[in-house]
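Engineer: fold the following and give me the result.
(chains A, B, C and D)
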There are 2 protein chains.
Amino acid sequence: MWQQFTSSFFNKVDTKGRVSIPALWRKALELRNAEGNIVLVPGFRDKNCVEGYAPDEYQRMSAAVSRMHPSDPNRRKLEYRLMGRALPLQLDDNGRIVLPKEMRDRFDLGGDVAFVGAGESFQIWSRARYDEFIAPLDDDEDFDALAAMPWDPPGAAP
Amino acid sequence: MWQQFTSSFFNKVDTKGRVSIPALWRKALELRNAEGNIVLVPGFRDKNCVEGYAPDEYQRMSAAVSRMHPSDPNRRKLEYRLMGRALPLQLDDNGRIVLPKEMRDRFDLGGDVAFVGAGESFQIWSRARYDEFIAPLDDDEDFDALAAMPWDPPGAAP
DNA sequence: TTGATGCCCACGGAATCCCATGCTAGAAAA
DNA sequence: TTTTCTAGCATGGGATTCCGTGGGCATCAA
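Structural biologist: Predicted coordinates:
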């Protein structure tokens, strides 16, 4: 559970494109891989933000793609979007990464950015865009997605 | 994972036909084979670009072809396209390779080219052709390929 | 000669490393 | 309770290394 990415953080990107990865998540990353490795994938599942994965989770996904038959046209598409854009990075000894310039431009990641936990992955948003995005979700909506949640009653077998 | 070819890079082919292999991938190649060997196959899976493989991966593929029955007509075709056109190269000590002239002409590989990671392999495109090719994939609204991805829930057996 | 190929060195800009500085929260002391 | 101290964290700046790129020579073939 502490291996998961939870909570939200708002950090700053400096002029060189550096940002601190939230300390809580650095601990999560350490539990998953000793070296401070991390994989960023821009706009994979959500096209308005950059997604971050621990190496093991990224490998799970890319392995799934690699299992598809080479002639499958969907494999090709997934390769371009997942492998073709994935950026393996490692934290410096201050716990920071540098966001490449193209990524900063495309997702408006200068100044304030939001780190949003999503369990097995996390997202990096432009602060402004995130606020805009999250407001309607917070405002009353009769959250019917809850009904779609798979439900194992407490105490059931793992 | 550091053995994989991820991300994209845009380098220049000079007047002699030389290009730098992205430094990140040189490290991946070193992890797979000590000497800086690499195999280029023009238009194998995708006819608009040159594909690059680490020697071990290339051998995996050619071994698969060799296992086909000699009378299988597809075997002959695969032999022509995979073995018959493969070009084993090795990096110079600046990390560059020389693209043969026929390849440059056929795939328009002069000036700006794109190196696109595809996990076990990578592709070399003319920059212009790649931009043209990738745009519609980016604009693809609800990325249906994602639905086609095989999915093992986290925690499932490897 | 002409042109292709391989090898070496040189340069500029960008990425990376290393050290410094506030800030804050929580512990320790009064 | 209030005050002080301290350790961890986010952030900034300077210095250094790395990497992509271009050019110069030799060597060899046509």
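Engineer: as a check, name the ranges of all helices in chain A.
Structural biologist: According to DSSP state H, chain A carries its helices in the segments A:23-32, A:55-66, A:73-78, A:101-107, A:127-138, A:145-148.
Engineer: weakest of those in terms of mean pLDDT?
Structural biologist: Confidence, taken as mean pLDDT, is least for helix A:145-148 of the helices of chain A (a mean of 81).
Engineer: indicate whether it makes contact with chain B.
Structural biologist: No. Judged by C-beta under 8 Å from any C-beta of the partner chain, helix A:145-148 stays clear of chain B, getting no closer than 15.5 Å. In short, each C-beta sits where N, CA and C put it, glycine included.
Engineer: spell out which parts of chain A neighbour DNA strand D.
Structural biologist: Contact residues (C-beta under 7 Å from any atom of the strand) of chain A with DNA strand D: A:9, A:11-12, A:14-16, A:19-23, A:26, A:94-96.
Engineer: can we see that at 6 Å?
Structural biologist: A:11-12, A:14-15, A:19-20, A:22-23, A:94-96 (C-beta under 6 Å from any atom of the strand).
Engineer: what subset of those residues is buried?
Structural biologist: Listed as buried from those are A:11, A:19-20, A:22, A:96; burial here means 16 or more other C-beta atoms under 10 Å in any protein chain shown.
Engineer: reformat these as a markdown table; add distance to chain B.
Structural biologist: Shown next, in a markdown table, are these (distance: C-beta to the nearest C-beta, whole Å):
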| residue | distance to chain B |
| --- | --- |
| A:N11 | 23 |
| A:V19 | 18 |
| A:S20 | 22 |
| A:P22 | 21 |
| A:R96 | 19 |
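Engineer: my guess is A:I97 contacts A:K16. True?
Structural biologist: No. Counting by C-beta atoms under 8 Å, A:I97 does not reach A:K16; the two are 11.2 Å apart.
Engineer: counting neighbours, go ahead and name the busier of these two.
Structural biologist: For A:I97 versus A:K16, neighbours defined as other C-beta atoms under 10 Å in any protein chain shown are more numerous around A:I97 (20 against 8).
Engineer: check contacts around that one.
Structural biologist: A:18-19, A:21, A:38, A:40, A:89-91 (C-beta atoms under 8 Å, 6 or more residues apart in numbering or on different chains).
Engineer: any of those residues buried? List them.
Structural biologist: Buried by 16+ other C-beta under 10 Å: A:19, A:21, A:38, A:40, A:89, A:91, out of the contacts of A:I97.
Engineer: the residues you listed in strands, which ones?
Structural biologist: Judged by DSSP state E, the buried ones among the contacts of A:I97 include A:19, A:38, A:40, A:89 as members of strands.
Engineer: could you dump these to TSV with pLDDT?
Structural biologist: Formatted as TSV, those follow (pLDDT from 0 to 100):
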residue	pLDDT
A:V19	96
A:I38	95
A:L40	96
A:L89	94
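Engineer: for chain A, what lies in contact range of chain B?
Structural biologist: For chain A, the residues found near chain B under the criterion C-beta under 8 Å from any C-beta are A:37, A:39, A:45, A:55, A:57-62, A:64-68, A:70, A:72, A:74, A:76-81, A:83-88, A:120.
Engineer: among these, which ones are buried?
Structural biologist: Among the residues of chain A next to chain B, those classed as buried by 16+ other C-beta under 10 Å are A:37, A:39, A:55, A:57-62, A:65-66, A:68, A:74, A:76-81, A:83-88, A:120.
Engineer: got the contact list for A:G119?
Structural biologist: Going by C-beta under 8 Å, 6+ apart, the list of residues near A:G119 reads A:4-6.
Engineer: per-residue pLDDT, it?
Structural biologist: 93.
Engineer: roughly how far apart are it and B:R106?
Structural biologist: According to C-beta to C-beta, to the nearest Å, A:G119 and B:R106 sit 47 Å apart.
Engineer: also A:D46?
Structural biologist: Distance, A:D46 to B:R106, using C-beta to C-beta: 38 Å.
Engineer: could you do A:P153 as well?
Structural biologist: For A:P153 relative to B:R106 (C-beta to C-beta), the value is 62 Å.
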